[in-house]
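Participant: Starting from these lines, generate the structure:
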Amino acid sequence: MSAQSDQYYIDKIINGETNAFAVLVDRYKNMIFTLALKMVTNREEAEEVAQDTFIKAYNSLSKFKGDSKFSTWIYKVAYNTCLDRLKKNKKEDNNISIDEFSAHLIKTMDNALSALEDKERNQTIQNCLNLLPSEENFLLTLFYFEDQSLEEIGKVMNINANNVKVKLFRSRQKLAVILKKQLEPEIIECYERK
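Facilitator: Just a heads-up that it's a prediction; the model follows:
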């Protein structure tokens, strides 16, 4: 038995079968929570944001026009809910200067990371992503881990695809700086000598 499309369940919900919403929650709860956690960086708040996202999505379901995938639409709801939560808490992002960035640094980081085991590499990248400001962490997660296109990310973040590309470039630069600071200096020195 193949899984029904999101639209099938949306139609059921709009026609009064409210329990069908549980299927959509089940499909997207882990990703919404993960994205929320990346932005608000607090487990309890991320749970609240995820819950608020689904409440808002349910209440606004009749406004979903199908212009984009349902996943894109609900990511946008989650993103905006996170932004509202961050504004409410007045959290400040700690920005990292991209002046330290260079092409040589990226090459060095790529070489050093390739020396690590896959599991270690993924954990290192995840830890470094969590040090980025929440919006950049969210952007890189959508692009690399959720395979969202530039256009889809643009819809989620209310910016055009070219702006997404620029933000993606800058976010990667900042990530490279963080990776350099996090990796052991002797690993980096080893590769810089080659």
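
Participant: Against which helices or strands is the lengthiest helix in the chain packed?
Facilitator: When the chain is parsed with DSSP state H, its longest helix is helix 161-182. When contacts are defined as 3 or more C-beta pairs under 8 Å, 6 or more residues apart in numbering; DSSP states H and E, helix 161-182 sits against helix 103-114, helix 118-129, helix 134-140, helix 150-157. Glycine gets a C-beta too; all of them are placed from N, C-alpha and C.

Participant: Can you point out the buried residues in that helix?
Facilitator: By neighbour count on 16 or more other C-beta atoms under 10 Å, the buried set for helix 161-182 is 164, 167-168, 171-180.

Participant: TSV for those residues, including pLDDT?
Facilitator: Formatted as TSV, the buried residues of helix 161-182 follow (pLDDT from 0 to 100):
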residue	pLDDT
Val164	89
Lys167	90
Leu168	90
Ser171	88
Arg172	87
Gln173	87
Lys174	86
Leu175	84
Ala176	82
Val177	82
Ile178	81
Leu179	78
Lys180	76
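
Participant: Can you tell me which of those residues is closest to Thr53?
Facilitator: Checking those against Thr53 with C-beta to C-beta, the nearest one is Val164 at 21.1 Å.

Participant: tell me the contacts of the residue nearest to Ala78 when sequence neighbours are not counted?
Facilitator: In this structure, Ala78 finds its nearest non-sequential neighbour in Thr53, 4.4 Å apart by C-beta to C-beta, 6 or more residues apart in numbering. By C-beta atoms under 8 Å, 6 or more residues apart in numbering, the contact set of Thr53 is 32, 36, 74, 77-78, 81.

Participant: Please point out which parts of stretch 46-64 sit buried.
Facilitator: 46, 49-54, 56-57, 61, 64.
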